[in-house]
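# After the sequence you'll find the predicted model.
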Amino acid sequence: MNNGVAKVIIAVILGFIVLRSCNNCTSRSSDRNSTASTWQKTPVDKLITKYNNEQNYSIILLDMDSRSSKYYHMYNVIVEKPDTILSSTTDWEEVPDVFFSDNVDNMGMEIVSKKDGKLSKTASPAGYNHYVGNEKYGRWTERNGSSFWEFYGKYAFMSSMFNMMTYPARRSYWNDYRGGGYYGSRPYYGPSGSTVYGTKTYTSAGSGKSSTWGNKPSSFKQNVRSQVSRSATASKSRSYSSSSSYSKKSRSSNRYSSSSSSRSRSGGFGK
């Protein structure tokens, strides 16, 4: 083989390698662009960013609604300061179908909490992560043979805020939540699979909580549940197919879109 032929062969091989490399780069770039287009923030993500410098706060899913095949949340945000507790309620925020579906059973619950700088996005009974069991705010008292959490007088408003006037925090439930593998790991709705907390009890008759969702007829709520379940499944399917690297990350990040602002009405509660 003469030098001319050898050079031609080498050039062809190098060209093929470069072309294949470019195609792979384009494919990876396309995957990244497709993945990025599905990584969008929820109103909760925006609240987390807003309160990034706070060491202790809670975000409670206060109410929810559906209008014209769109889904909405309202939140109560509780921020602990050195000498006061601040509470604010957001306006209605539009949320993606996936996020609404993931939290359809979590109304009245704490869906995000930050304690001593550590963030948790696992749904839990309101107040269980930081206030119940914390001797700074109250104590356990015995009533009718059972132990219940009681806030000190200057924090009595928290009982109403966490719906504990209707559903008192039993020590047995709190112990089950803290010691049963739920705390920071999986949602807790009550002991032994029972439903003590969440949407069903928070909006039930006698709960003392008047809400948009609670006042809707059962047929409306069931239709929304079915509709959002189908919609969320389709959205997840589209997201997964857009990028092979999307599925795991998207489920943990919960970054979806919202079109509403996060204006809040703040109120402070001092000692």
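Everything's here; your move.
# Could you use CA atoms for every contact and neighbour count after this?
OK.
# now the strands for this protein?
Counting by DSSP state E, the chain has strands at residues 57-67, 70-81, 84-90, 93-95, 109-115, 118-120, 124-125, 138-143, 146-151, 264-270.
# closest one to residue 191 among those?
strand 124-125 (12.0 Å; C-alpha to C-alpha).
# on that earlier part again, mind putting the strands of the chain into CSV with mean pLDDT, distance to residue 198 and mean neighbour count?
Shown next, in CSV, are the strands of the chain (pLDDT from 0 to 100; distance: least, C-alpha to C-alpha, whole Å; neighbours: other C-alpha atoms under 10 Å):
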stretch, mean pLDDT, distance to residue 198, mean neighbour count
strand 57-67, 95, 10, 22
strand 70-81, 95, 14, 20
strand 84-90, 92, 19, 17
strand 93-95, 96, 19, 23
strand 109-115, 94, 6, 24
strand 118-120, 93, 17, 15
strand 124-125, 94, 8, 28
strand 138-143, 94, 23, 14
strand 146-151, 95, 19, 19
strand 264-270, 41, 23, 13
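# now those as TSV including distance to residue 190?
TSV is the format used below for the strands of the chain (distance: least, C-alpha to C-alpha, whole Å):
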stretch	distance to residue 190
strand 57-67	17
strand 70-81	22
strand 84-90	26
strand 93-95	27
strand 109-115	12
strand 118-120	19
strand 124-125	9
strand 138-143	19
strand 146-151	15
strand 264-270	29
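# Low-confidence stretches in the stretch 101-250 of the chain?
Applying pLDDT under 70 to the stretch 101-250 of the chain flags residues 204-209, 239-250.
# Which among the strands of the chain is found nearest to residue 42?
Of these, nearest to residue 42 by C-alpha to C-alpha is strand 93-95, at 6.3 Å.
# tell me which strands and helices the closest one is in contact with?
Applying 3 or more C-alpha pairs under 8 Å, 6 or more residues apart in numbering; DSSP states H and E, we find strand 93-95 packed against helix 43-50, strand 70-81.
# got the angle for the longest one vs strand 109-115?
In this structure, strand 70-81 runs at an angle of 40 degrees to strand 109-115, with axes from the mean of the first three to the mean of the last three C-alpha atoms, to 10 degrees as the basis.
# And for the closest residue to residue 97 other than its chain neighbours, the neighbour number?
Nearest residue to residue 97 in three dimensions, chain neighbours excluded: residue 232, at 5.2 Å (C-alpha to C-alpha, 6 or more residues apart in numbering). By other C-alpha atoms under 10 Å, the residues close to residue 232 number 18.
# Could you list which residues are in contact with the residue nearest the centre of the chain?
Centroid-nearest residue in the chain, with C-alpha atoms, centre = their mean: residue 111, separated by 4.5 Å. By C-alpha atoms under 8 Å, 6 or more residues apart in numbering, the contact set of residue 111 is 58-61, 121-124.
# In JSON lines: those residues, plus distance to residue 168.
JSON lines is the format used below for the contacts of residue 111 (distance: C-alpha to C-alpha, whole Å):
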{"residue": "58", "distance to residue 168": "19"}
{"residue": "59", "distance to residue 168": "20"}
{"residue": "60", "distance to residue 168": "17"}
{"residue": "61", "distance to residue 168": "19"}
{"residue": "121", "distance to residue 168": "23"}
{"residue": "122", "distance to residue 168": "21"}
{"residue": "123", "distance to residue 168": "18"}
{"residue": "124", "distance to residue 168": "15"}
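# Among these, which one sits closest to residue 170?
Closest approach between the contacts of residue 111 and residue 170, by C-alpha to C-alpha: residue 124, at 14.3 Å.
# Any idea what that closest one is bridged to?
Beta-bridge pairing of residue 124 under DSSP bridges involves residue 110.
# wait, which of the strands of the chain is closest to residue 237?
Residue 237 sits nearest to strand 93-95 of all the strands of the chain, at 18.1 Å, using C-alpha to C-alpha.
# so how far is the first residue of stretch 104-115 from its last?
This stretch, stretch 104-115, spans 24 Å end to end (C-alpha to C-alpha, to the nearest Å).
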